[in-house]
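Enquirer: what follows is a predicted protein model with its sequence.
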Amino acid sequence: MATPGGDPYVRRVVDTEPSAARERLVQLRAEIGALHRTAAQATTTAHWAQGRRRLREAVLADDPQVFLTWPVIRDTMLVAGERHAYLAAELAALQAQDDWSSRWRSACEDDGTGAPPPLPGLPGGSGNRLHHAYQFLQLERAGGGSVRDYRGVVEFGGGYGALCAVAHRLGFTGDYLLFDLPEWSALQRWYLGEIGLPAGDGSRVRVSSTEDDVVAARTAPGTLFVAMWSLSETPLELRDRVLPGDDRYAGYLFGYQAQFEGIDNLAWFAQLRQDRPDVEWSGGEPEEGSGNRYLVGRRRA
């Protein structure tokens, strides 16, 4: 493992931090530093190629303990502020559940890692945790079952790891794979370690930027495939490799927009449904107020 003084890309960490936290931060900057030197480029869109560069620069220059204040995060995956007024409707929907106090409330609460902005109307909550909890509510409402009932989850495009955290708050205990671009995978490893869900050897949580890991998981029994505004932001050829027509996922949870960089997502997801006649599908219509589109599938027994 690289040391703080042994690599110009790894900024020295304050000695007062706990040793485990210090080691995680050193590892994060070492991984990002290596990617920054090689300027690695995977198959992606122009939007995410720029995002990768911005994230590398932010990790190397700024304090990850406040990473949720970074523009690259705010611009791509932070659900907060006036831009996301639909959060009030999502909170109301969750609070209307009979098990709000015993289950959903804790899923919306944040531990503070990354300095999440406060959520109006829910002390201790954050917009991202609330939004992810609401996504799992959509899964249940549409007949996809609870995330805790699945034996595995494959999350395509894991953000910084918040949806994985919410899944575990909701009782998921199986194998969880987050697949993403290398820079985001490095951030996920760091974040999940910070919140007590370390990914790696001996853990049921894995982080990967290797496509073969997703390919290997697509026939695992009882597995849920999740892609929240991620698959819909990738090139068509990558979508077809990751999610071919012969996959055997037990369930699907998608969030997507109508089009992205010239790609007609409405047509693509319509074809996805047609290619899987043994899956019962629900959703795909834009939500009032947000325009979000959710699509849920559950494979028939």
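Expert: Looks like it arrived, so ask away. Residues are numbered from 1 along each chain as shown.
Enquirer: the nearest residue in space to Gly251 that is not next to it in sequence: how many residues sit nearby?
Expert: Spatially, and ignoring its direct neighbours in sequence, Gly251 is nearest to Leu224 (4.4 Å; C-beta to C-beta, 6 or more residues apart in numbering). Heads up, the C-betas are built off the backbone N, CA and C, glycines and all. Using other C-beta atoms under 10 Å, Leu224 has 27 neighbouring residues.
Enquirer: got it, and Thr38?
Expert: Residues contacting Thr38 under the criterion other C-beta under 10 Å number 9.
Enquirer: re the thing from before, need phi/psi at the residue nearest to Gly251.
Expert: Per-residue torsions, Leu224: phi -100, psi 130 (degrees, to the nearest 10).
Enquirer: now the one 3 residues further on
Expert: For Ala227, the backbone dihedrals are phi -150, psi 100 (criterion: degrees, to the nearest 10).
Enquirer: how about the contacts made by it?
Expert: When the contact criterion is C-beta atoms under 8 Å, 6 or more residues apart in numbering, the partners of Ala227 are Glu155, Phe156, Gly157, Leu253, Phe254, Gly255, Tyr256.
Enquirer: ok, now Arg218?
Expert: Val154, Phe225, Leu243, Pro244, Asp247, Arg248, Tyr249.
Enquirer: repeat that with 10 Å
Expert: By C-beta atoms under 10 Å, 6 or more residues apart in numbering, the residues touching Arg218 are Val154, Phe225, Val242, Leu243, Pro244, Asp246, Asp247, Arg248, Tyr249.
Enquirer: also Ala85?
Expert: By C-beta under 10 Å, 6+ apart, the residues touching Ala85 are Gly289, Ser290.
Enquirer: now with 7 Å, please.
Expert: With contact set as C-beta atoms under 7 Å, 6 or more residues apart in numbering, Ala85 has no partners.
Enquirer: mind putting the contacts of Ala227 into TSV with neighbour count, secondary structure and pLDDT?
Expert: Below are these laid out as TSV (neighbours: other C-beta atoms under 10 Å; DSSP: H, G, I helix; E, B strand; the rest coil; pLDDT from 0 to 100):
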residue	neighbour count	secondary structure	pLDDT
Glu155	25	strand	98
Phe156	21	strand	97
Gly157	21	coil	95
Leu253	25	strand	98
Phe254	26	strand	98
Gly255	19	strand	97
Tyr256	22	strand	96
